[in-house]
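Peer 1: Dropping the sequence and predicted coords here.
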Amino acid sequence: MSDLDFPLEPARLIEHFTGREAYRTTEFIVARNGDQTALLRVRKDDGPELFLKIRNVEVLAAPDDCALVHAPDADTGVPSDLARVAAEMAPGKRCVVVHGLYEHINFILDPAAIPVRVVDVSPPSPPKLLDQVRRVLSTAEGLAPVELQPEITDLVALASQIPSEHYLYPCRGSGAAPAGAMVSYLDQRPAERDWTLVGCARSRQIHSWFYGSEPPNIDFCPRKLAALPREDGEEVPPTLTKCCLLETGFELTGTTVTVPWGASLAEVYDALKALVDAIEPAWAPE
């Protein structure tokens, strides 16, 4: 970042920096004067020297298009963090320079984060897959900026579709328990009762294995929920979801990617990257 003492007019900036020296890895310069900020791209002479002469200056964003914001919690090496800060703190600006974590400074130009719908269920809270995606994105330096659009189905509210005195959920870890009803969990293999299963295809398979029958059930498979048409009729954004019938890796079909119910953070990252690459194959961090 270069602090200057004259108005940041493009012609003046080009004149000022052309012919000066810059560190050999420098590609961009953030120019500042008071409340004015501008972003420049510089091209230098070739050579092994530590500092090289600037032979060309391009003004990427003049002060009217550029803002500098202070976001001490933002990791400026993570594109999704830059896009989030730009949307929250400087909406409408073509270029946002972020002064963030570790006092580092970076920028995002023409911020256009890819919307990714995350279809998950709750409890647990926070929903596991959504939380995993947030954790992955918090360190994803090589991934195009992503804006998450959570679509979370409440498993307790879903159970009300079929009123019952006794519900059976897949596992105790979810903690799902409708008020006033008895609740059992399939992973504890309880004695069979007259219950309603709130589960998915794998839960029905396990129930049939345990008890030789299939009870009344409410299907909450996130992959099936993701495939339902939207009530508002709007186009479905790229989607990340999960399915217990998938046991390892991920499956990418069109603009929907599915991971296993118990996916690792590495599997979530690989799936998200495959989805983003399918949408923005030419994107690469500067």
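Peer 2: Sure, I can see it.

Peer 1: C-alpha from now on. contacts and neighbour counts both.
Peer 2: Will do.

Peer 1: Tell me the backbone dihedrals of Leu8, please.
Peer 2: phi -80, psi 60 (degrees, to the nearest 10).

Peer 1: For the longest helix seen in the chain, name the packing helices and strands.
Peer 2: The longest helix of the chain (DSSP state H) is helix 265-279. Packing partners of helix 265-279 (3 or more Cα pairs under 8 Å, 6 or more residues apart in numbering; DSSP states H and E): helix 128-137, strand 251-253, strand 256-260.

Peer 1: Deepest-packed of the ones you listed, please.
Peer 2: Neighbour counts (mean count of other Cα atoms under 10 Å) averaged over each of these peak at strand 256-260, with a mean of 24.

Peer 1: On the C-terminal side of the worst-scoring helix or strand of the chain on mean pLDDT, identify the next helix or strand.
Peer 2: When the helices and strands of the chain are compared on mean pLDDT, DSSP states H and E, helix 155-159 comes out lowest with a mean of 89. Where DSSP states H and E defines the elements, the next helix or strand beyond helix 155-159 is strand 166-169.

Peer 1: okay, now Gly173: neighbour count?
Peer 2: The local packing of Gly173 (other Cα atoms under 10 Å) involves 11 other residues.

Peer 1: Skipping its backbone neighbours, what lies nearest it in space?
Peer 2: Pro124 (7.6 Å; Cα to Cα, 6 or more residues apart in numbering).

Peer 1: for Phe210, same thing?
Peer 2: Arg189 (7.4 Å).

Peer 1: correct me, but the one you found touches Ser208?
Peer 2: No. Judged on Cα atoms under 8 Å, Arg189 makes no contact with Ser208 at a distance of 11.7 Å.

Peer 1: number of nearby residues for the nearest residue in space to Phe51 that is not next to it in sequence?
Peer 2: Leaving aside its sequence neighbours, Phe51 sits nearest to Tyr23 (Cα to Cα, 6+ apart; 4.4 Å). Neighbour count of Tyr23, defined by other Cα under 10 Å: 13.

Peer 1: Show the backbone phi and psi for Tyr23.
Peer 2: According to degrees, to the nearest 10, Tyr23 has phi -60, psi 150.

Peer 1: separation between it and Asn56?
Peer 2: Tyr23 sits 14 Å away from Asn56, going by Cα to Cα, to the nearest Å.

Peer 1: and what of Thr196?
Peer 2: 71 Å.

Peer 1: The two: which is more packed in?
Peer 2: Thr196 (22 against 15).

Peer 1: Now do the contacts for that one.
Peer 2: Ile162, Ser164, His166, Tyr167, Leu168, Pro215, Pro216, Asn217, Ile218 (Cα atoms under 8 Å, 6 or more residues apart in numbering).

Peer 1: if I look at the last one, how far off is Arg204?
Peer 2: Distance check for Ile218 against Arg204: by Cα to Cα, it reads 10 Å.

Peer 1: one step back: where does the residue nearest to Gly173 land on pLDDT?
Peer 2: As predicted, Pro124 sits at a pLDDT of 89.

Peer 1: what about it, how many neighbours?
Peer 2: 13.

Peer 1: Phi, psi for the closest residue to Pro79 other than its chain neighbours please.
Peer 2: Distances taken as Cα to Cα, 6+ apart place Pro145 nearest to Pro79, at 4.8 Å, with adjacent residues excluded. Pro145 adopts backbone torsions of phi -60, psi 130, taken as degrees, to the nearest 10.

Peer 1: do Leu52 as well
Peer 2: phi -130, psi 150.

Peer 1: Hmm, it is touching Thr26, no?
Peer 2: No. In this structure, Leu52 is not within contact of Thr26 by Cα under 8 Å, at 9.5 Å.

Peer 1: Sweet, I'm off.
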